[in-house]
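Student: quick one, what's the 3D model for this:
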Amino acid sequence: MAASSALPAALFETWAIDAVELIADTPSSLVFRVQRFGSTNIVKSLKPAGRGELPGLDFLGWRQGLGAVRLIDLIGDVSLLEDGGSRTLREHHDLFGDEAATAIVLHVLEKLHAPNDRVAPKALVSLERHFRSLFELARTGGPSDLKDLSGWATHTARALLNDQLDSKPLHGDFHHENIVQDGAGEWRAIDPQGLYGDPVYDVANVFGNPLGKAELILDRARIVRLTETFSSHFCCNGRKVLSYAAVHATLSAAWMLEGGSSLSDDARLAERLSFARIAKSLLVEQFVD
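Tutor: Residues are numbered from 1 along each chain as shown. Just a heads-up that it's a prediction; the model follows:
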């Protein structure tokens, strides 16, 4: 199927699209780079399985280009977006290392969480709702060797939810592959989930990235370093930062189990659980203040 035939014909006239290139076909969406008025934009067409991403588009509209790519227009499930570039922070990480990438994470995060006078979108997802797969895993027990971990993570999540400070709209899926650089050198976030809650949660997924680098992700020294860096950024204690990271890792495992992953043959699932257990040990052993 030609890329042009995958978009409704009316959009070509409405958005003055001259050319279109399919750049991603995921279970949730089709993503195109289009030519308009001599420059490029991104068009994202959500599939039925991707409608859960609509709060993320509301988040982009609310940010108005500060810290994230700008939402230009939205018609149904198809969005016209600013082109944030194709170079990801993962690529920068591969070239310049973890600390250089973390500095950019903080730079983007500061803009992403900057005050906005506009009223927050009503469709944003609360952290309570976002964590529901974790709570369900703990309720049902899941695999027998996960009961202690899922129970601990649920207890920790409940405590965090009861102690949220400065709640605000969140990106919700903030990590190295969702931070991109344009031709002018500007770094911005893409593909938010659109959550609402404690801003500290927005760094939880950074601990589990870049994807595929298990040795780095499971390095206790790196975990402590990120914890200290982010606790300084948020002016909070490290326990809160690392607790959110541990809860998110266990939540990720719950999602994978819901999707049919098996503990015996999914390396990513094993890595998520190993991280959660390391984080738990650091918290229990009070290696993090």
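
Student: now do the residue nearest to residue 218 when sequence neighbours are not counted against residue 241, distance only.
Tutor: The shortest distance from residue 218 to any non-neighbouring residue, by C-beta to C-beta, 6 or more residues apart in numbering, is to residue 274 (5.6 Å). In this view, the C-beta of every residue, glycine as well, is placed from N, C-alpha and C. For residue 274, the distance to residue 241 (C-beta to C-beta, to the nearest Å) stands at 19 Å.

Student: before we move on, back to that, what are the phi and psi values for the residue nearest to residue 218?
Tutor: phi -60, psi -40 (degrees, to the nearest 10).

Student: also residue 22?
Tutor: Per degrees, to the nearest 10, the backbone of residue 22 is at phi -70, psi 120.

Student: likewise for the one 3 residues further on?
Tutor: Listed backbone geometry of residue 25 is phi -130, psi 100, with angles given as degrees, to the nearest 10.

Student: residues contacting it?
Tutor: When contacts are counted by C-beta atoms under 8 Å, 6 or more residues apart in numbering, residue 25 touches residue 31.

Student: repeat that for the one 4 residues further on.
Tutor: By C-beta under 8 Å, 6+ apart, the contact list for residue 29 reads 44, 45, 46, 47, 50, 53.

Student: can you rerun that using 6 Å?
Tutor: Listed by C-beta atoms under 6 Å, 6 or more residues apart in numbering, the contact set of residue 29 reads 44, 46, 47, 50.

Student: buried subset of those as a ChimeraX selection?
Tutor: Entered in ChimeraX, the line below selects the buried ones among the contacts of residue 29, by 16 or more other C-beta atoms under 10 Å:
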select :44,46,50
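
Student: inside strands: which ones of the contacts of residue 29?
Tutor: Among those, the members found in strands (DSSP state E) are 44, 46.

Student: quick check: the two most widely separated of the contacts of residue 29?
Tutor: Using C-beta to C-beta, those span at most 10.4 Å, a distance reached by 44 and 47.

Student: and the helices in the chain?
Tutor: 9-14, 54-63, 89-96, 98-112, 127-130, 132-140, 147-161, 214-217, 220-234, 238-258, 267-284 (DSSP state H).

Student: right, so the ones you listed: which one is the most enclosed?
Tutor: helix 238-258 (a mean of 23; mean count of other C-beta atoms under 10 Å).

Student: need the pLDDT of the most centrally placed residue in the chain.
Tutor: Central residue of the chain (C-alpha atoms, centre = their mean): residue 173, 0.8 Å from the mean position. Listed pLDDT for residue 173 reads 97.

Student: look up phi and psi at the nearest residue to it once chain neighbours are set aside.
Tutor: Once flanking residues are discounted, residue 173 sits nearest to residue 193: 4.8 Å by C-beta to C-beta, 6+ apart. Note on residue 193: backbone dihedrals following degrees, to the nearest 10 are phi -90, psi -30.

Student: do I have it right that residue 193 meets residue 58?
Tutor: No - Residue 193 sits out of contact with residue 58 when judged by C-beta atoms under 6 Å, with a separation of 10.6 Å.

Student: against residue 163, how distant is the closest residue to residue 169 other than its chain neighbours?
Tutor: Closest residue to residue 169 apart from its sequence neighbours, by C-beta to C-beta, 6+ apart: residue 120 at 5.0 Å. From residue 120 across to residue 163, the span is 20 Å (C-beta to C-beta).

Student: these two: which is more packed in?
Tutor: Neighbour tally, residue 120 and residue 163, criterion other C-beta atoms under 10 Å: the higher count belongs to residue 120, 14 against 10.

Student: noted, bye for now.
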